[in-house]
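J.: next one to model:
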Amino acid sequence: MRPRPPHFSFPRCGLALVAAMLLSPQSSVAGGPRWVAGSTYFDPSTLGQPIVWRNGVVQYYTDLGPLSPTVTQAQANAMVAAAASQWSSIPTAALQITAAGSLAENVSGANFYVGPNGLIIPADVESSATETPVGVIYDADGSVLDALEGEGASDPDSCVTNGVITLVDNFAADATIAHALILVNGLCATDSAHISLLQYELLRGFGRILGLDWSQANDGMFAANITPAGLLGWPLMHPVEKLCNSNGNPCMTGTIAPRTDDVASLNRLYPVTTANVSYFDLKSVTATVTISISGNVAFRAGQGMQGINVIVQPLIPGSGLPDLRYPASTVTGAFFAGNHGNLTSGFTDDAGFPLSRFGTDTATDEGRYDLSGVPLPPGVSQADYQLTFEPVNPLYIGGDSVGPYTLGQVVPSGTMPVVIVRGLAAGSAVIQDETIPDSDGDANSGDNSTEESPEPVPADGEWQARLSGYGHSAWLRWHVRAGRQATAEAQPLNEQGVETESKARILLGIWNADEPLETTPQVGTLQPFNATPPGLTTMSFETGGNGGVRIQLADQRGDGRPDFLYRGRVLYADSVAPVTIPSSGGPIVILGMGFRPGNIVTIGGVAAAITSLSATAITAVAPPATAGVSGEVDITVTDPITQGWTTIEAGSIGGISYNARSERRILGAPTPIHTGRITLAPDQRRNVLRGNTKSQSQRVDDPRNCH
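T.: Below you'll find the predicted structure:
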């Protein structure tokens with residue numbers, strides 16, 4: 001045993017839905033590859049290829065110890081072999097999974113533990129141990145899992161999520177998987193019901209280390225949590241565990257094995273071809289014995305529409321109804337990057353790897369879907385099929401993501417079609433492209449701003465635009481005075497102009513105008529939707545001097561689509577007149593931008609009566625000075641709906657004062673443009689940070705973050 005290398009990480013991938021868990025954004029592809037080679041790290045020739053085991057050969061090595069006091073090593077080995085065989089025996093997949101031997105030790109808390117400098121682990125289960133490419137650990141007392149995840153991670157009350165943990169922790173540059181671990185929690189091997197659960201989770205675990213992503217096929221089968229007949233239609237690789245549970249009840253009756261959707265997904269990853277069929281005895285060339293439907297879904301202006309779940313189901317003869325038992329599914333844009341990044345959120349994940357490691361940026365991939373390798377229903381030589389397009393469930397994000405979007409799903413734009421394809425027989429291949437005529441927006445309807453040439457913020461401080469075109473950000477500029485605090489806002493809208501969280505996920509970043517291009521912002525939002533109204537992102541900041549600033553508005557994923565409509569706003573108080581008022585109060589005028597009806601004005605913390613208001617000017621009556629107050633005071637405009645606010649700070653040039661002021665304040669000249677700095681104001685209401693700091697809610701616990 002030896003100290004673990006400091007660069008190595010052991011991310012966890014649970015095997016059932018964990019609600020609201022946020023992970024580092026990565027490419028994820030439903031009904032097909034879990035990872036797709038991107039433009040960095042992997043050989044350029046592999047761009048766009050699914051990441052799989054080289055030549056479809058997978059060898060695993062098992063722990064020398066027992067799984068539990070009642071489950072011996074031999075019994076545990078039989079459980080693992082049974083799960084592997086279910087995948088390996090699929091007759092249309094070029095896949096061979098074999099038990100190649102044992103690890104060198106019984107992996108336990110005695111040799112796998114947290115030392116003074118981090119984890120200490122056996123050498124043959126490190127990520128670099130490619131001579132034992134899949135290590136299977138029998139964690140008899142839960143100590144290994146606790147060392148990885150923290151004390152209590154192996155709790156037997158959570159066997160549905162911690163019964164089997166899979167880790168894919170090494171990729172080769174030729175877009176192949178080089179190392180993985182399967183960890184079986186012995187605390188869950190207590191009775192026949194829980195052992196059945198482990199067997200089921202082992203089956204799903206092998207699917208994950210083979211490179212299969214989660215699937216949404218037949219997501220509506222369990223509406224209202226009612227279990228229907230026809231469990232053949234519920235894929236093993238659905239993110240929600242339904243066929244077994246963790247409360248000690250038996251698994252569903254009948255054989256639990258890869259379903260049509262699972263088989264089709266595996267066929268696409270590991271196709272049997274005329275070139276490799278001789279290496280796989282008793283297997284058939286995939287394309288000759290299955291059907292294929294593929295195509296492209298596009299906005300009306302031509303851009304591919306990513307993130308649509310596409311399901312194909314055979315029609316029941318005589319009824320014309322789809323047969324729920326034999327669906328197959330995928331997601332449009334499955335090979336296209338789901339997270340491009342932007343200057344505000346950065347272009348690397350939390351582990352420091354480029355986001356461009358996974359997924360392509362090829363425009364023709366953005367709306368493409370592939371439903372090849374689909375087996376015909378049993379006993380038929382041909383069938384009619386229904387092709388359906390639907391949104392991805394918004395709950396399926398992070399480690400449970402379905403499709404390329406992991407940070408948040410996007411509701412499709414327009415009316416989704418239902419297509420009938422007739423008479424498909426073994427070997428049939430159909431191209432079915434769809435342009436959605438009532439989809440939102442226009443490819444050229446976004447603004448033309450760039451970081452080099454930002455557009456001015458409109459005089460009234462409000463605008464409406466689109467983040468159109470993949471990777472597009474909106475850039476704006478305006479001039480600020482020293483000693484001001486301001487708020488920028490962005491709120492995504494749907495096709496009806498209603499605020500939404502299911503389209504763009506807008507982040508805000510701000511720079512001094514004289515900062516170099518393509519640098520980290522001085523201030524940026526932690527996460528989108530950080531305010532109460534639906535979809536609203538706000539960023540408040542403080543100015544340290546007169547000067548120009550530029551603002552970026554970008555989708556958190558770096559995405560850009562015709563349906564990414566948003567409303568932007570800058571709430572900024574620039575000046576007040578008169579600058580001196582008597583202690584008894586009196587009328588004032590505040591000039592600025594972004595003011596709205598219902599805004600509140602306070603002077604020195606006391607509310608002022610507003611007599612008139614427009615987007616650029618507020619007329620109010622300043623209240624009398626409170627007892628003992630004289631001299632310079634803050635004047636603040638607050639929006640109670642968005643919680644945005646802007647302040648002309650006490651002591652700043654052009655601010656307000658009760659009674660006498662210094663001659664310097666009255667006659668002082670403004671500092672030159674471009675010398676001002678943006679700083680973070682101390683008030684806790686500002687949901688902002690300095691620079692490109694990551695959200696603390698994002699964790700590096702997905703194997704897609706590992707090498």
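J.: only C-alpha atoms for contact and neighbour calcs from this point on.
T.: Fine.
J.: rounded mean pLDDT for stretch 116-123, please.
T.: The pLDDT scores in stretch 116-123 average 94.
J.: equivalent analysis for stretch 206-222, please.
T.: 92.
J.: now do stretch 285-293
T.: 98.
J.: first-to-last residue distance for that stretch?
T.: Terminal residues of stretch 285-293 are spaced 17 Å apart (CA to CA, to the nearest Å).
J.: what residues sit buried inside it?
T.: Under the neighbour-count criterion of 16 or more other CA atoms under 10 Å, stretch 285-293 has 285, 286, 287, 288, 289, 290, 291, 292, 293 buried.
J.: kindly report the same for stretch 163-173.
T.: Residues of stretch 163-173 classed as buried: 163, 164, 165, 166, 167, 168, 169, 170, 171, 172, 173 (neighbour count, 16+ other CA under 10 Å).
J.: filter those residues down to the ones in strands?
T.: Among the buried residues of stretch 163-173, the subset assigned to strands under DSSP state E consists of 164, 165, 166, 167, 168, 169, 170, 171, 172.
J.: taking the centroid of this structure, which residue is nearest it?
T.: Geometric centre of the chain, nearest residue: residue 407, 1.9 Å, by CA atoms, centre = their mean.
J.: any idea which element it lies in?
T.: Per DSSP states H and E, residue 407 falls between elements, in no helix or strand.
J.: related to what we said a few turns ago, the buried residues of stretch 285-293 in helices, which ones?
T.: 286, 287, 288, 289 (DSSP state H).
J.: residues touching the second one, list them.
T.: If I follow you right, that is residue 287. 271, 272, 273, 372, 373, 426, 427 (CA atoms under 8 Å, 6 or more residues apart in numbering).
J.: for the closest residue to the third one other than its chain neighbours, grab phi and psi.
T.: The shortest distance from residue 273 to any residue that is not its chain neighbour, by CA to CA, 6 or more residues apart in numbering, is 5.1 Å, and that residue is residue 285. Comment: the main-chain dihedrals of residue 285 come out as phi -60, psi 120, following degrees, to the nearest 10.
J.: residue 285 and residue 90 touch, don't they?
T.: No: the pair residue 285 / residue 90 is not scored as a contact, 11.9 Å apart, by CA atoms under 8 Å.
J.: quickly note the distance from residue 186 to residue 135.
T.: In this view, residue 186 and residue 135 are 16 Å apart by CA to CA.
J.: same check, this time on residue 127
T.: 10 Å.
J.: overlap of the contact sets of these two?
T.: residue 180.
J.: angles on the backbone of residue 195, please.
T.: phi -70, psi -40.
J.: mind checking pLDDT for it?
T.: 92.
J.: what about it, how many residues nearby?
T.: By the criterion of other CA atoms under 10 Å, residue 195 has 21 neighbours.
J.: check contacts around the residue nearest to it when sequence neighbours are not counted.
T.: The shortest distance from residue 195 to any residue other than its chain neighbours is 5.2 Å, reached at residue 189 (CA to CA, 6+ apart). Contact analysis of residue 189 by CA under 8 Å, 6+ apart lists 67, 68, 70, 71, 195, 198.
J.: what of residue 113?
T.: By CA under 8 Å, 6+ apart, residue 113 lies in contact with 119, 120, 121, 143, 144, 147.
J.: what about the residues you listed, which one has the most neighbours?
T.: The member of the contacts of residue 113 that has the most neighbours, counting by other CA under 10 Å, is residue 144 with 27 neighbours.
J.: which SS state does residue 158 fall under?
T.: Following DSSP: H, G, I helix; E, B strand; the rest coil, the label given to residue 158 is helix.
J.: what packs against the helix or strand containing residue 485?
T.: Using DSSP H and E, the element containing residue 485 is strand 484-493. Here strand 484-493 touches strand 506-512, strand 537-543, strand 565-577, strand 645-648, going by 3 or more CA pairs under 8 Å, 6 or more residues apart in numbering; DSSP states H and E.
J.: which is the next helix or strand following the first one?
T.: Downstream of strand 506-512, the next assigned helix or strand under DSSP H and E is strand 523-525.
J.: next one: that following strand to chain centre, how far?
T.: Distance, stretch centre to chain centre, for strand 523-525: 19 Å (CA atoms, centre = their mean, to the nearest Å).
J.: what of stretch 545-564?
T.: Relative to its parent chain, stretch 545-564 has a centroid offset of 19 Å by CA atoms, centre = their mean.
J.: one more: stretch 264-271?
T.: That offset, for stretch 264-271, works out to 25 Å (CA atoms, centre = their mean).
J.: put the alpha carbons of it into PDB.
T.: Provided in PDB are the C-alpha atoms of stretch 264-271 (Å, rounded to 0.1, in the frame of the first residue of the first chain):
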ATOM      1  CA  ALA A 264     -30.300  -0.400 -28.400                       C
ATOM      2  CA  SER A 265     -28.100   2.000 -26.400                       C
ATOM      3  CA  LEU A 266     -25.400  -0.700 -26.000                       C
ATOM      4  CA  ASN A 267     -25.600  -1.500 -29.700                       C
ATOM      5  CA  ARG A 268     -24.800   2.100 -30.600                       C
ATOM      6  CA  LEU A 269     -21.800   2.100 -28.300                       C
ATOM      7  CA  TYR A 270     -20.400  -1.300 -29.300                       C
ATOM      8  CA  PRO A 271     -21.800  -2.200 -32.700                       C
END
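J.: got the buried residues for that stretch?
T.: Neighbour-count burial for stretch 264-271 flags 264, 265, 266, 267, 268, 269, 270, 271 (criterion: 16+ other CA under 10 Å).
J.: residues contacting that stretch, please?
T.: 31-33, 50, 52, 56, 92-95, 211-212, 285-287, 328, 371-375.
J.: domain map for this structure?
T.: 2-226+239-255, 277-435, 455-570, 571-666 (automatic domain parsing).
J.: okay, now the unreliable bits of the stretch 151-300 of the chain?
T.: Residue ranges of the stretch 151-300 of the chain with pLDDT under 70: 222-230, 245-250, 252-254.
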